[in-house]
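Engineer: Provide a 3D model corresponding to the input given below.
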Amino acid sequence: MSRYHQGKYTPKNPSKYKGDVNNVIYRSSWELKFLNYLDRNTNVIEYSSEEFFIPYLSPIPNKNGKKTVRRYFPDFYVKSKRPDGTIQVQIIEIKPKAQTVPPKNTKTKRKTNRLIREQFTYMVNQTKWAAAEEYCKDNGYEFVVMTEDDLGI
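Structural biologist: Here you go, the predicted structure:
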């Protein structure tokens, strides 16, 4: 059983969803909150959840010691109308703020194992996000990492 709130979302405005409207997934209550916002916001023209991937070179070698190309599925694609009437496309990732800053070093063994996991997560996230930044730059999009602060949680 997962400790995270996951499920499928049923859009109230299915014509705005870009992708398989019968398979709109969310992996946290924060993502669910954001899906509701996107679905109801009249300035949002279209959106999707994990419908495409960005390739990136994993910073962690595989069992053979080689770095491999992995697939990063950003949480959201959002096309919206700005207040000045221009169109904006954003690729949005929703993460806990703790995963967006380098982990702090601690002394105890138990905390050392936790630190290693946190460092691994941070390193992989940074690599994914660098690939997303480049993808967005190449396509005229904006890449945004949102945390609980941005969602008002």
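Engineer: in stretch 141-153, which residues are buried?
Structural biologist: Tyr141, Phe143, Val144, Val145, Met146, Thr147 (16 or more other C-beta atoms under 10 Å). Using the backbone N, CA and C atoms, a C-beta is placed for each residue, glycine as well.
Engineer: pretty sure the fifth one is touching Gln90, no?
Structural biologist: Same thing as Met146. No - between Met146 and Gln90 there is no contact under C-beta atoms under 8 Å: 9.8 Å.
Engineer: would you agree Thr112 falls within a helix?
Structural biologist: Yes - membership of Thr112 in a helix is supported by DSSP: H, G, I helix; E, B strand; the rest coil.
Engineer: neighbours of it, how many?
Structural biologist: 11 (other C-beta atoms under 10 Å).
Engineer: how close does it get to Cys136?
Structural biologist: Remark: distance between Thr112 and Cys136 (C-beta to C-beta, to the nearest Å) = 36 Å.
Engineer: equivalent analysis for Asn13, please.
Structural biologist: 25 Å.
Engineer: more neighbours: those two, which one.
Structural biologist: Legend: neighbour count by other C-beta under 10 Å for Asn13 and Cys136, higher for Cys136 (18 against 14).
Engineer: three-state assignment of the more buried one?
Structural biologist: Here Cys136 is helix, with the state taken from three-state DSSP.
Engineer: surely it and Val144 touch.
Structural biologist: No - using C-beta under 8 Å, Cys136 is not in contact with Val144, being 9.2 Å away.
Engineer: show me what contacts the residue nearest the centre of the chain?
Structural biologist: Residue closest to the average C-alpha location in the chain (C-alpha atoms, centre = their mean): Glu93, at 2.4 Å. By C-beta atoms under 8 Å, 6 or more residues apart in numbering, the contact list for Glu93 reads Pro74, Asp75, Phe76, Lys128, Trp129, Ala132, Phe143, Val144, Val145, Met146.
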